[in-house]
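1. Sharing a sequence plus its predicted fold:
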Amino acid sequence: MSENFFLADRFEAERPGLRAVAYRMLGSLAEAEDAVQEAWFKLSRTDVSDVKNLGAWLTTVVGRICLDMLRSRTSRREDPLPEQDGSVRLPDPVVTALARVDPEREVLIADSVGIALMIVLEALCPDERLAFVLHDMFDVPFDDIAPSLGRTAVSTRQLASRARRRVQGAAPLADTDNACKRDVVDAFLTASRGGDFEALLALLHPDAVARSDGGTLVPSILRRGAGNVASQAITFARFAANARLVLVNGTPGVVSFAGNRPLSVMSFTIRDGRITGLDILTDPDRLTTLGLPD
């Protein structure tokens, strides 16, 4: 086997894990694929004969590529933080059918990386996000992260610690039993379809928040309070002729269609059996790229 074929095989073995790194860094499935492909180009042009751990080397390479992409994104001010100036920007959801196992997508969302946590990661600055994602999620040593940031290992550790405090302070607490969460989501879907306002109120926390990201084509919506969220759910259900339970980042959610056209992907944050948050992607352009289950 030639060296190029050997490297290609090694890279393909690492690809799922590299995509997981890039997804956590970027919150975009398409950009994550671009970052991983750029890592392959770098590998194919680099002499790695002295690299002892190719997987670790590739992880730091992908991290650096993502860092550059985030810095460029920030400098162009393309992606405002969620709820900044009334805007809502949600990360791409990873959607799978309830009954089908997709190993590659499972790697993407391992360790319960739900939409709510991804939203918190979006609020970190690029350097914080790199330090936190690589160290706290993928156990990369600070000595290996520091060169990408142009910092010392001590400074990188402090950066990750600051990011960790921000994540722990902002990430919502949530139930972990998927069977119980599925019952809540199923009940929410039934109540929405039936226009049962009181049943929805019983399922929603009084301070529930619903965020809808419609991109540039559909208005984004931010609703606060159980009454407002329940009213919006009933209104939207009237337009969704076909809504079904799926897994969104590994937890029960809903995907809605009008005929064959996807209308939305809805992710739920559930605490003590009540819905505290709904994150809804309604951007038509992005929905068509997600590979939604039929």
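-> Right, received. Where do you want to start?
2. Quick check: Val255 touching Val265?
-> Yes: applying C-beta atoms under 8 Å as the test, Val255 and Val265 come out as touching, 5.2 Å apart. In short, each C-beta sits where N, CA and C put it, glycine included.
3. any common contacting residues for these two?
-> Here Val255 and Val265 share the contacting residues 95, 246, 248, 292, scored by C-beta atoms under 8 Å, 6 or more residues apart in numbering.
4. quick one: the last one is in a strand?
-> What it means is Leu292. No: with DSSP: H, G, I helix; E, B strand; the rest coil as the criterion, Leu292 is assigned coil and is not in a strand.
5. can you pull the contacts of it?
-> Counting by C-beta under 8 Å, 6+ apart, Leu292 has contacts 95, 246, 255, 262, 265.
6. per-residue pLDDT, Gln19?
-> Check again: residue 19 is Arg, not Gln. pLDDT, Arg19: 95.
7. In this structure it contacts Ala32, no?
-> Yes: look at Arg19 against Ala32 with C-beta under 8 Å: they come within range, at 5.4 Å.
8. More neighbours: the two, which one.
-> Under the criterion of other C-beta atoms under 10 Å, the comparison of Arg19 against Ala32 puts Ala32 first, with 24 against 20.
9. The more buried one belongs to a helix, doesn't it?
-> Yes: assessed by three-state DSSP, Ala32 belongs to a helix.
10. what number of residues lie near the residue lying closest to it once chain neighbours are set aside?
-> In space, Ala32 comes closest to Ala22 once its chain neighbours are excluded; the distance is 3.6 Å by C-beta to C-beta, 6 or more residues apart in numbering. Applying other C-beta under 10 Å, we find 29 residues neighbouring Ala22.
11. Likewise for the one 4 residues further on?
-> Other residues within reach of Leu26 by the criterion other C-beta under 10 Å amount to 27.
12. and if you look at the one 4 residues further on?
-> Here the neighbour count serves as a burial measure; for Ala30 (other C-beta under 10 Å) it reads 12.
13. Using CSV, write out the CA atom coordinates for the strand or helix carrying Leu201.
-> Using DSSP states H and E, Leu201 sits in helix 197-203. Extracted in CSV, the C-alpha atoms of helix 197-203 (Å, rounded to 0.1, in the frame of the first residue of the first chain):
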residue,chain,number,x,y,z
PHE,A,197,-54.2,25.6,25.3
GLU,A,198,-54.7,24.4,28.9
ALA,A,199,-52.9,21.1,28.2
LEU,A,200,-50.0,23.0,26.7
LEU,A,201,-49.8,25.3,29.8
ALA,A,202,-49.6,22.3,32.0
LEU,A,203,-46.6,21.0,30.0
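14. Quick one: mean pLDDT over the very next helix or strand once past it.
-> For helix 197-203, the following helix or strand on the C-terminal side (DSSP H and E) is strand 204-213. Strand 204-213 shows a mean pLDDT of 95.
15. Adjacent strands (with direction) for strand 204-213?
-> Take DSSP bridges as the rule and strand 204-213 pairs in its sheet with strand 221-224 (antiparallel), strand 274-281 (parallel).
16. mind checking how far the residue nearest to Glu31 when sequence neighbours are not counted is from Ala39?
-> Spatial nearest neighbour of Glu31, excluding adjacent residues (C-beta to C-beta, 6+ apart): Met69 at 6.3 Å. Between Met69 and Ala39 the computed distance is 12 Å (C-beta to C-beta, to the nearest Å).
17. With neighbour numbers in mind, choose between those two.
-> Taking other C-beta under 10 Å, Met69 and Ala39 do not tie; Ala39 has more neighbours (26 against 20).
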